[in-house]
Every structure is written in C-alpha cells, then in structure tokens.
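Student: need a 3D model of the sequence below.
(2 chains)
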Amino acid sequence: MGWMEGRWEENVITTSLEQAINWARQSSMWPMTFGLACCAIEMMATGAPRYDIDRFGAGAFRATPRQADLMIVAGTVNHKMAARVRRLYNQMPEPKFVIAMGACTCGGGPYYKYGYNVVKGVDLVVPVDVYVPGCPPRPEALLEGLMRIQDKVRRMKELTKGQPLELPVPQRTGTVLLPDELADETKAKEFLVRNKEAAKPAKA
Amino acid sequence: MTASEIIQRLEQQFGSRIVDKKPEALDPFVMIAPADLREVAQFLRDDPALRFELLNCITAVDYLETDPKKKAKAGFEPHLEVVYHFQSFTHRHRFVLKLHLPRWKNDAPGQLPEVPSLADLWPTADWHEREVYDLSGVWFVGHPDLRRILLAEDWEGHPLRKDYEYPLEYHGIRCR
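Tutor: Down below sits the predicted model:
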C-alpha cells in the first residue's frame, strides 16, 4: 500500500480487505471435538493451559461439525469409522481444513501391515491439508501443524481469485533460531572443541 | 477344590466322554466333544461342589501352519479349538474347558463349524460368542442374536483365521 502508508494519524492501519478477512479467519479457527484414539489425549493436552491452543485462537472446540472449520483427525480411523469421518467432513461449512494427527491417520502407522480393519491413512477418506506425524505427536507438533494451517489461510485468495497480492505475505519458515555460540560454522566448531575439552577427565 | 479334584469329579460324572485332560498344566483343562458341551457346562454351573458362576471368557484358537516348509514340523493337524474359562466365587477355584473342532464343517471351506451356545446359561456368553463368531468364524447354534459385534455388518471373512485374505478394498477405500 506504498503511498498510503503513514499518511494518517496513529492507530489507523491500511490493508486490503482480503488480508483483513484472512487475518480474522486464521486467528479464530474453530476445531471440532473429534478424538478417535490415543492421539486425542495429546490433543486435549494441547487444549489445556500448559500448551494452550487458545493462544493461536483455536481453542473453541465445537461439538458439532456445523460450527467448526478445522477437523483434527486424532487417532486410528477404522473402516467402520471412515464413513462417519466422511459424513462429518461433508457437514462442515466451507472453507474447511483437515489436520491428520499421528502416524495412524498419516498412513496406517503400526497397523499398516496386519490391521485388517484400519484405513491406511485418512487421506483415503477426506482431503488432508497438513500431516502431523508422531505416535502420538507432541503438543508442540500439533501447534506447528495449526500454524501451517494458518499459513494456508493467510494465502487464500477468495476475493481476488488468483490476482497477485500487493503486499508480500509474511510467512514462517519453521527454522530454529540457534543460540549465539552456534550461529555460524566456525563458532559452532569452536564450541564443540571447547565442550570436548571440558568433558575430558581431569589429569591426576 | 484343586484342579485334579475337579477333573476327578467330571470323570466320575461323565466317564469316557472326557476326551482329554491335563491336570499339570498352568491352567488345567479337560477336552470334550462339542456335542457334550451343554451337558458338561450345566453340570459345572449347578453342581454344589463346583458352582462355576462366572464364565470369564470364550476364546477360539486357529491351529494352522500356512508355511509349507514348517508344516511337517508343526506337530498338529489343522484344527480349531474353543476355550472356555470358568471361575467360582463360592469355592474360589477356576477351570478351563476346551473343544476340538474341524476348521470347516464337513471340510468344506466356507462352512462354519458348529458349537452349541451357552448364552442362556451365562448371559456373558452372548457377546463373547458374537466376538468369536465375528473374528474366528465359529457358528454357535441356539444363540439368540448371532451377528458381527466388532467389524462392520457387511464384512466378509473372519480375520483371525490364519488363512484369512485381506480385502483389496472396502466401500471404495483402498485396504492394502
């Protein structure tokens, strides 16, 4: 918004309507209460105060698909459940997103070979946006999955339909910020040498 | 009562109809013919010296070696065993009853072997027998409502049979 920027007094923000909508949408994803197996315990931990999925605006777990726009498939999906998963997905209003949480929903997991009743990945039943592997994944991993969904929402172009946006879209890379002593390669090597020295047994 | 006393009591009552016994096993058991099951079970429950009020579980074991190389050394002919675990609160003892069945009735694949149902003697047997039918394929004659309990109603085959073939797809969902 180049020329408009900073022309008005403070507390006036200029943005595009689409970005404003996407920002509102990504900041209040409403997941569906939908635990199928042990991963659900980890999903509950993510919702609890220690990890607190509410920080990302996704803490309002809904008990009906009609009020939810994010489906976290947490746990093993078997063939009897697959029809219900599909039906629940169909009942969700657009736009809707799916997180496949855990090894079982990503591709069958431990039940891949001999699980006669387990669906080998929930992507055979509903389209999946983000896969979160792990058995079960840590709450941090689920939060990371949620952030990837938010990235996806932020890039939605419902109004302009494929027109390039004027502003660059800020995005998370997922890289880890290293502490200062590991910042570049020489420093890291020095740190390693220093550590080895320190770990040597003291001479008598 | 100890296990050998229970076996003695059963032999006293049924004599040569006890096909096999093993009092020194960890879970001592006797083996009987499926035709005698109702009579023996009734006796186990109602005899004042035995009083098995509780049927803990019903299990089916499929004895079949599918590997042709190991077949000669397997040490058993292909057959099916149904195992009943009983327990008595009054006398604080437990006991095991086993049945020896062919894998298929009349050796015709697809024809389920038949066993009389115990659902009217112990109500627990109702769901246990449904589970055994569902997963191992044993038909319980006289069961009030014998249908699948765990798998979907239109599932084909009995998955805990050793020669079970995994389906390629189920309702349009790839299975393998």
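
Student: quick check, pLDDT for A:Glu166.
Tutor: On pLDDT, A:Glu166 comes in at 47.

Student: residue of chain A closest to chain B, please.
Tutor: A:Tyr116 (4.3 Å; CB to the nearest CB). The C-beta positions use only the backbone N, C-alpha and C, and glycine is treated the same way.

Student: need phi/psi at that residue.
Tutor: Main-chain torsions, A:Tyr116, degrees, to the nearest 10: phi -70, psi -20.

Student: wait, isn't it in contact with B:Pro159?
Tutor: Yes - contact criterion CB atoms under 8 Å: A:Tyr116 and B:Pro159 qualify, at 4.3 Å.

Student: the residue positioned nearest the centre of chain A - nearest residue in space that isn't next to it in sequence?
Tutor: Nearest residue to the geometric centre of chain A (CA atoms, centre = their mean): A:Gly145, 1.7 Å. Nearest residue to A:Gly145, sequence neighbours excluded (CB to CB, 6 or more residues apart in numbering or on different chains): A:Val132, at 4.0 Å.

Student: burial measure for that neighbour, as a count.
Tutor: Residues within reach of A:Val132, counting by other CB atoms under 10 Å in any protein chain shown, total 26.

Student: how about A:Lys120?
Tutor: Neighbourhood size, A:Lys120 [other CB under 10 Å]: 20.

Student: and what of A:Asp123?
Tutor: 16.

Student: with the one 10 residues further on instead?
Tutor: A:Pro133 has 16 neighbouring residues, counting by other CB under 10 Å.

Student: return the set of buried residues in stretch B:86-95.
Tutor: Residues of stretch B:86-95 classed as buried by neighbour count (16 or more other CB atoms under 10 Å in any protein chain shown): B:86, B:88, B:93-95.

Student: hang on, B:Phe140 in a helix?
Tutor: No - counting by DSSP: H, G, I helix; E, B strand; the rest coil, B:Phe140 falls outside a helix, being strand.

Student: beta-bridge partners for it, please?
Tutor: Judged by DSSP bridges, the bridge partners of B:Phe140 are B:Val115.

Student: wait, it sits on B:Tyr133?
Tutor: Yes - counting by CB under 8 Å, B:Phe140 touches B:Tyr133, with 6.3 Å between them.

Student: quickly list what's touching both of the two.
Tutor: B:Leu146 (CB atoms under 8 Å, 6 or more residues apart in numbering or on different chains).

Student: so who does the residue lying closest to A:Ala74 once chain neighbours are set aside touch?
Tutor: Nearest in space to A:Ala74, with sequence neighbours left out and distances taken as CB to CB, 6+ apart, is A:Cys39 at 3.9 Å. By CB under 8 Å, 6+ apart, the contact set of A:Cys39 is A:74-75, A:101-102, A:104-105, A:136-137.

Student: now do A:Pro136
Tutor: The neighbours of A:Pro136, taking CB under 8 Å, 6+ apart as the test, are A:38-39, A:41-42, A:74, A:101-102.

Student: rerun at 7 Å
Tutor: Counting by CB atoms under 7 Å, 6 or more residues apart in numbering or on different chains, A:Pro136 makes contact with A:38-39, A:42, A:102.

Student: now A:Val153: phi and psi?
Tutor: When read as degrees, to the nearest 10, the backbone of A:Val153 gives phi -60, psi -40.

Student: just the pLDDT at the closest residue to it other than its chain neighbours, thanks.
Tutor: Sequence neighbours aside, A:Gln26 is the residue nearest to A:Val153 in space, at 4.1 Å (criterion: CB to CB, 6+ apart). Listed pLDDT for A:Gln26 reads 90.

Student: what about A:Gln26, how many neighbours?
Tutor: For A:Gln26, the neighbour count with other CB under 10 Å is 21.

Student: how about the helices in chain B?
Tutor: Listed in chain order, the helices of chain B (DSSP state H) span B:3-14, B:37-46, B:125-136.

Student: tilt between the last one and helix B:37-46?
Tutor: An angle of 140 degrees separates the directions of helix B:125-136 and helix B:37-46 when computed by axes from the mean of the first three to the mean of the last three CA atoms, to 10 degrees.

Student: put the alpha carbons of helix B:125-136 into PDB.
Tutor: Provided in PDB are the C-alpha atoms of helix B:125-136 (Å, rounded to 0.1, in the frame of the first residue of the first chain):
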ATOM      1  CA  ALA B 125     -21.600 -65.800  26.700                       C
ATOM      2  CA  ASP B 126     -23.900 -63.800  24.400                       C
ATOM      3  CA  TRP B 127     -21.300 -61.100  23.400                       C
ATOM      4  CA  HIS B 128     -18.300 -63.400  23.800                       C
ATOM      5  CA  GLU B 129     -19.800 -65.800  21.300                       C
ATOM      6  CA  ARG B 130     -20.600 -63.000  18.900                       C
ATOM      7  CA  GLU B 131     -17.000 -61.900  19.100                       C
ATOM      8  CA  VAL B 132     -15.700 -65.400  18.500                       C
ATOM      9  CA  TYR B 133     -18.100 -65.700  15.500                       C
ATOM     10  CA  ASP B 134     -17.000 -62.300  14.200                       C
ATOM     11  CA  LEU B 135     -13.300 -62.800  14.300                       C
ATOM     12  CA  SER B 136     -12.700 -66.600  14.200                       C
END
